[in-house]
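> sequence-free structure coming up:
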């Protein structure tokens with residue numbers, strides 16, 4: 001009995017320490033400069049850039065961030081953004097119109113001629129030839145990998161902070177005082193969209209022609225489901241500035257910001273949950289390669305990594321207990337209007353999906369779609385979070401985790 005007790009205590013120790021590390025944990029950068037942008041092409045190869053005063057900072061890793069090493073950047077100018085199209089080819093931009101390109105995975109960087117001395121804050125490519133860089137009162141485009149960069153007319157003069165394209169034609173730019181610009185012809189024409197805010201918007205990320213998110217000052221998160229015809233605020237739960245947003249699918253995304261803020265959603269932003277970053281330094285960039293593995297960077301050389309989507313026992317949606325079986329409980333309240341809580345548990349690391357269906361078997365919401373460590377979890381379903389809201393009626397929610405599958409019925413009564 002004594003030996004069993006010792007083994008159980010050891011299990012608890014290893015279990016809780018593993019989960020703590022599998023939230024967000026620090027990686028050693030070896031620097032104290034600000035890191036402004038991070039990008040990975042796979043589980044191992046990544047790059048982060050930044051600077052401090054009149055110096056440039058650039059680090060690359062080939063082992064998932066276990067080691068970060070400075071390459072030959074060829075510049076001393078503060079860098080603001082980095083983007084890769086494959087393991088070899090990438091670009092970085094920054095102050096004084098700086099644009100750098102690498103074709104060897106970041107070991108060496110070659111300056112490109114931007115034709116401007118304005119600060120460039122964001123760069124994005126859709127293939128190895130076609131890309132955009134934006135900054136203070138300027139939008140640049142290249143169609144030959146950066147050999148030539150040409151300004152595009154924006155019909156508006158603002159400090160552009162972020163650019164994101166989903167293909168050669170469709171993209172968005174966001175910036176100062178709530179500016180949102182949209183193009184459907186590769187930037188030949190940029191059309192203003194109504195954001196409904198005067199807060200600066202610092203980052204934009206879109207999944208397809210219709211769905212996208214932008215974040216900025218004072219905790220603002222805006223979402224569109226119709227290509228930007230309407231941008232609607234989402235509840236972030238914070239008034240701190242939010243610097244970067246990244247989604248891996250229509251439902252799962254992260255936002256990072258000041259004082260170590262990390263927010264995650266698994267339902268397209270209808271609900272955002274705080275995650276424990278373990279730091280109070282400002283975070284400026286977040287990037288995920290899938291729904292569990294990601295990095296965030298920020299002040300004082302801060303580099304954070306997660307290998308389970310950022311979940312830890314400190315997160316609000318995790319219940320501190322150790323289950324031994326799979327289980328899906330009845331939602332509460334039931335009937336409900338407009339929201340209800342669903343609790344489930346997994347006894348081992350599992351790929352979990354939790355979806356809601358109508359009586360015809362049509363999927364109406366994905367609440368969870370990611371790997372979960374051993375534990376019990378609760379998730380809120382808000383019937384108003386779907387486009388137009390759901391009508392009264394009977395719905396089914398289905399949990400699949402490993403070989404375990406269970407479905408339960410719930411009633412929405414308005």
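Looks like it arrived, so ask away. Quantities reported herein were computed from a predicted structural model and do not represent experimental measurements.

> kindly report the domain assignment for the protein.
Domain assignment for the chain, taken from automatic domain parsing, gives 1-24+235-316, 31-152, 318-412.

> pLDDT (mean, whole number) over the longest one?
Translated: domain 31-152. Model confidence over domain 31-152, given as mean pLDDT, is 95.

> if we can go back for a sec, including distance to residue 213 and mean neighbour count, could the domains of the chain go into a markdown table?
Where you see a C-beta, it was placed from the backbone N, CA and C, and this is true even at glycine. Compiled in a markdown table, these are given as follows (distance: least, Cβ to Cβ, whole Å; neighbours: other Cβ atoms under 10 Å):
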| stretch | distance to residue 213 | mean neighbour count |
| --- | --- | --- |
| domain 1-24+235-316 | 5 | 19 |
| domain 31-152 | 15 | 20 |
| domain 318-412 | 14 | 16 |
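
> tabulate the ones you listed (a markdown table), appending distance to residue 176.
Shown next, in a markdown table, are those (distance: least, Cβ to Cβ, whole Å):
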| stretch | distance to residue 176 |
| --- | --- |
| domain 1-24+235-316 | 13 |
| domain 31-152 | 9 |
| domain 318-412 | 30 |
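
> once you drop chain neighbours, what's closest to residue 356?
residue 365 (4.2 Å; Cβ to Cβ, 6 or more residues apart in numbering).

> can I take it that that neighbour is in a helix?
No: Residue 365 is assigned strand when assessed by DSSP: H, G, I helix; E, B strand; the rest coil, not a helix.

> and it, how close does it get to residue 269?
13 Å (Cβ to Cβ, to the nearest Å).

> likewise residue 142?
Plainly put, residue 142 is 32 Å away from residue 269 if you go by Cβ to Cβ.

> I'd say residue 183 and residue 190 touch.
Yes: in this structure residue 183 lies within contact range of residue 190 using Cβ atoms under 8 Å: 5.2 Å.

> element containing the spatially most central residue of the chain, please.
Taking Cα atoms, centre = their mean, the centroid of the chain lies closest to residue 246, which sits 2.3 Å from it. For residue 246, the enclosing helix or strand under DSSP states H and E is strand 242-247.

> flag every buried residue along stretch 156-168.
By 16 or more other Cβ atoms under 10 Å, the buried positions in stretch 156-168 come out as 158-166.

> include distance to residue 397, secondary structure and pLDDT when you put the residues you listed into TSV, please.
Formatted as TSV, the buried residues of stretch 156-168 follow (distance: Cβ to Cβ, whole Å; DSSP: H, G, I helix; E, B strand; the rest coil; pLDDT from 0 to 100):
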residue	distance to residue 397	secondary structure	pLDDT
158	44	coil	91
159	45	strand	95
160	42	strand	97
161	39	strand	98
162	36	strand	98
163	38	strand	98
164	33	strand	98
165	36	strand	98
166	31	coil	97
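
> now tabulate those in TSV and tack on distance to residue 348.
TSV is the format used below for the buried residues of stretch 156-168 (distance: Cβ to Cβ, whole Å):
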residue	distance to residue 348
158	51
159	49
160	47
161	43
162	39
163	42
164	37
165	40
166	37
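
> what's the farthest-apart pair in the residues you listed?
For the buried residues of stretch 156-168, the maximum inter-member distance is 23.4 Å, found between 159 and 166 (Cβ to Cβ).

> and the gap between the nearest residue to residue 371 once chain neighbours are set aside and residue 329?
Excluding the flanking residues, the one nearest residue 371 by Cβ to Cβ, 6+ apart is residue 292, at 4.9 Å. Counting by Cβ to Cβ, the gap from residue 292 to residue 329 is 24 Å.

> now do residue 410
Computed as Cβ to Cβ, the residue 410 to residue 329 distance reads 11 Å.

> over to residue 272?
Distance from residue 272 to residue 329, by Cβ to Cβ: 24 Å.

> then residue 149?
Distance of residue 149 to residue 329, given as Cβ to Cβ: 57 Å.

> tell me the mean pLDDT for stretch 327-337?
Here stretch 327-337 scores 93 as its mean pLDDT.

> quick one: low-confidence ranges for the stretch 251-400 of the chain?
Counting by pLDDT under 70, the ranges of the stretch 251-400 of the chain that qualify are 312-321, 386-388.

> in contact with the residue nearest to residue 235 when sequence neighbours are not counted, which residues?
The shortest distance from residue 235 to any non-neighbouring residue, by Cβ to Cβ, 6+ apart, is to residue 272 (6.7 Å). Listed by Cβ atoms under 8 Å, 6 or more residues apart in numbering, the contact set of residue 272 reads 221, 234-237, 255, 263-265.

> and for residue 385?
Residues near residue 385 by Cβ under 8 Å, 6+ apart: 267-268, 270-271, 365.

> cutoff 10 Å now
234, 267-271, 338-339, 365, 367 (Cβ atoms under 10 Å, 6 or more residues apart in numbering).

> can you give me the strands for the stretch 51-200 of the chain?
55-61, 79-84, 90-94, 99-102, 110-112, 120-125, 131-135, 138-142, 150-151, 160-165, 171-175, 180-183, 191-193 (DSSP state E, counting those that start in this stretch).

> one step back: distance-wise, check the residue nearest to residue 235 relative to residue 195.
For residue 272, the distance to residue 195 (Cβ to Cβ) stands at 18 Å.

> do residue 176 as well
Look at residue 176 and residue 195: by Cβ to Cβ, they are 11 Å apart.

> between those two, which contacts overlap?
201, 216.

> and stretch 299-309, how far out from the chain's middle?
13 Å (Cα atoms, centre = their mean, to the nearest Å).

> and for stretch 31-45?
With Cα atoms, centre = their mean, you get 14 Å for stretch 31-45.

> same question for stretch 90-109.
23 Å.

> repeat for stretch 232-242
14 Å.

> quick one: end-to-end distance for it.
One end of stretch 232-242 sits 16 Å from the other (Cα to Cα, to the nearest Å).

> ok, the nearest residue to residue 65 once chain neighbours are set aside - how many residues close by?
Once flanking residues are discounted, residue 65 sits nearest to residue 27: 4.5 Å by Cβ to Cβ, 6+ apart. Here the count is done by other Cβ atoms under 10 Å, and residue 27 has 19 residues near it.

> could you give the bridge partners of residue 27?
Bridge pairing for residue 27 (DSSP bridges) gives the partners residue 303.

> ok, and the closest non-adjacent residue to residue 336?
Excluding its sequence neighbours, the residue lying closest to residue 336 (Cβ to Cβ, 6+ apart) is residue 412, at 6.3 Å.
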